[in-house]
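sequence plus predicted model, see below.
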Amino acid sequence: MADWWKKSTVYQIYPRSFMDSNGDGIGDIRGIIQKLDYLHELGVDILWLSPVYDSPNDDNGYDIRDYYKIMNEFGTMADFDELLEKVHARDMKLVMDLVVNHTSDEHAWFKDHPNFYIWRDQPTNWRSFFGGSTWQYQKERNQYYLHLFSKKQPDLNWENPELRNAVYEMMRWWLDKGVDGFRMDVINMISKNPDMKDAPNGDGSSQFMNGPNVHTYLKEMNKHVLSQYNIVTVGESPGTTPKEARDYTAAQNQELNMIFTFEHMDLDQASGEKWDLKPLDLIDLKENLEKWQHGLHNEGWNSLYWNNHDQPRIVSRFGDDQDWRVESAKMLATCLHFMQGTPYIYQGEELGMTNVRFDLIEDYQDIETVNMYQEKREAGVSHDDIMTKIYAKGRDNARTPMQWSAEPNGGFTTGTPWLKVNPNYKDINALQHKDSDSIYQYYKKLIGLRKNMDIITHGDFELLHREDPDVFAYTRTWNDEKLTVYCNFSSQPKSVTLPEGKILIGNYAPNNSKGLLQPYEAIVYYKQ
Ligand code: ISL
Ligand code: CA
């Protein structure tokens, strides 16, 4: 099938935190190889690796120094080739992270090809995603270079055809090796408005998100590279609406297969700032996901996710990571996996891994968190108030090492982990994955159902009980078939009128809940 990725489930690996094979405290490629059977048994079709390229790790590999070299801590190119071969031997596919909005300032291009970057005599007032200005002064040129992220991540100048060709050549090199596609980091930011100017509150995003030439570049990339291979592509694209998403993903436009929306990830923030916390209103979430389900139906393709390496853990965020951890983790999985699109599972999600709370800022490693802490302390915010924000939203919530067992450090490493393991590893770890009631086994069932039931891929989506603040319910219909999905997002029982049909899957014992949804219950009916 040309659109094979429409029936696939993707598993994201953050290599630094997945499995350490040699005791240096850093996850590595040989560690991933050791765990391939665990992933294969789960049933996922595609593995997406966060960046494994040579990098000084200012932003954990999202600052690439050499696109043609594997990061020393992660292993060698021979290790990578072996991984690719072993992934393929298990009938899975391997997708690479493609970070080409920026490089590391230590990339040879930054010295040898300054015209690959963006320079101005005068800075604008834009604020970087990681704090401070987006402009860094460089004495030799007496000019400023643009960096939307850290100052060690200078933005590439896509206006320059030589740069574009160098990127395409590099992509072809990996594809010729046999990798099966790319997840493209902030790909909707590669085209900047040429007359960059000051913006209200220093938010320049309207001048670099979905910019004037982004579709021209992606069509060119598709023509010269993507269309030559049988691969899957997903663009990371913050600040993108369903209409723009259709432009990126409609098949006839020949750009990308799908994108990541961020709209549902921003519903629990009170302003444009991610640290400005607000409780989620479930009605907002329902209406937002409904908008995306309808917006891309037959006109594009959705990716479905609750988690990635930049987001807090979903069971702590929209579920209950204490009394109802197992139930709510399964409920959240159900809610997402019956929608239309390609689902993404982030490592540890299948175990119901939770957010973490370290007392000391020194225990945090993420550049975004560390810079934010510093800036807010300088602005007079108390330690406790800042930690509350970090506990809710910090990216290290997702990055604590995988919890494989009850051994010290969760079996992730025999050494000292680069980021502390969540102290709850004795209770939450992959030893449980074979239990028939485990979250892992539940995910495995969901993945299997998607493979076997075309209605999950093709069916129309309709939201039910729109006004209910606690229940997320919807139907999928296709030909004569119908799925009805009920999810209780609260710790209280809810009485609802449940439909006829046979129970396909649920997170409570069957027949438990005629007309009553238990706390965090999920139940799915199927009718032919
Ligand atoms: O993580 C975010 C907010 O906490 C986002 O703003 C994030 O920075 C944005 O989605 C872009 O993310 C991607 O590019 C960054 C990198 O740090 C992220 O890890 C990556 O997913 C720069 O390469
Ligand atoms: Ca290691």
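Good, I have the coordinates. Numbers count the residues shown, from 1 in each chain. Ligands and ions are numbered 1, 2, ... in the order given.

residues near the closest residue to ligand 2 within the stretch 301-450 of the chain, how many?
Of all residues in the stretch 301-450 of the chain, Thr413 sits closest to ligand 2, at 7.2 Å by Cβ to the ion. Every residue, glycine included, has its C-beta placed from N, CA and C. Thr413 has 25 neighbouring residues, counting by other Cβ atoms under 10 Å.

now Ser382
The number of residues packed near Ser382 is 10, by other Cβ under 10 Å.

which residues does Asn422 contact?
Contacts for Asn422 (Cβ atoms under 8 Å, 6 or more residues apart in numbering) come out as Met353, Thr354, Val356, Thr400, Gln403, Gly410, Ile428.

residues contacting the spatially most central residue of the chain?
Closest to where the C-alpha atoms of the chain average out (Cα atoms, centre = their mean) is Asn308, at 3.3 Å. Contacts for Asn308 were tallied using Cβ under 8 Å, 6+ apart; they are Gln12, Phe260, Tyr344, Tyr346, Ala398.

quick one, what contacts the residue of the stretch 1-150 of the chain found nearest ligand 1?
Per Cβ to the nearest ligand atom, Tyr62 is where the stretch 1-150 of the chain lies closest to ligand 1, at 3.4 Å. Neighbouring residues of Tyr62 by Cβ under 8 Å, 6+ apart: Ser50, Pro51, Ser55, Asp97, Val99, Phe149, Gln153, Asp185.

for Arg127, same thing?
Neighbouring residues of Arg127 by Cβ under 8 Å, 6+ apart: Ser133, Thr134, Asn201, Gly202, Asp203, Gly204.

redo that, cut-off 6 Å
Residues near Arg127 by Cβ atoms under 6 Å, 6 or more residues apart in numbering: Gly202.

do a quick rundown of the strands in the stretch 1-150 of the chain.
Secondary structure of the stretch 1-150 of the chain (DSSP state E, counting those that start in this stretch): strands at 10-13, 46-49, 53-54, 66-70, 93-98, 119-120, 135-138, 143-146.

picking up where we left off before, out of the contacts of Asn308, list just those in helices.
Using DSSP state H, the members of the contacts of Asn308 that fall within helices are Ala398.

now distance to ligand 2, neighbour count and pLDDT too, for the contacts of Asn308, in JSON lines please.
Output for the contacts of Asn308, formatted as JSON lines (distance: Cβ to the ion, whole Å; neighbours: other Cβ atoms under 10 Å; pLDDT from 0 to 100):
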{"residue": "Gln12", "distance to ligand 2": "19", "neighbour count": "24", "pLDDT": "99"}
{"residue": "Phe260", "distance to ligand 2": "28", "neighbour count": "22", "pLDDT": "98"}
{"residue": "Tyr344", "distance to ligand 2": "25", "neighbour count": "24", "pLDDT": "99"}
{"residue": "Tyr346", "distance to ligand 2": "21", "neighbour count": "24", "pLDDT": "99"}
{"residue": "Ala398", "distance to ligand 2": "19", "neighbour count": "25", "pLDDT": "98"}
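
quick revisit: surely the residue of the stretch 301-450 of the chain closest to ligand 2 and Gly25 touch.
Yes. Assessed by Cβ atoms under 6 Å, Thr413 is found in contact with Gly25 at 5.1 Å.
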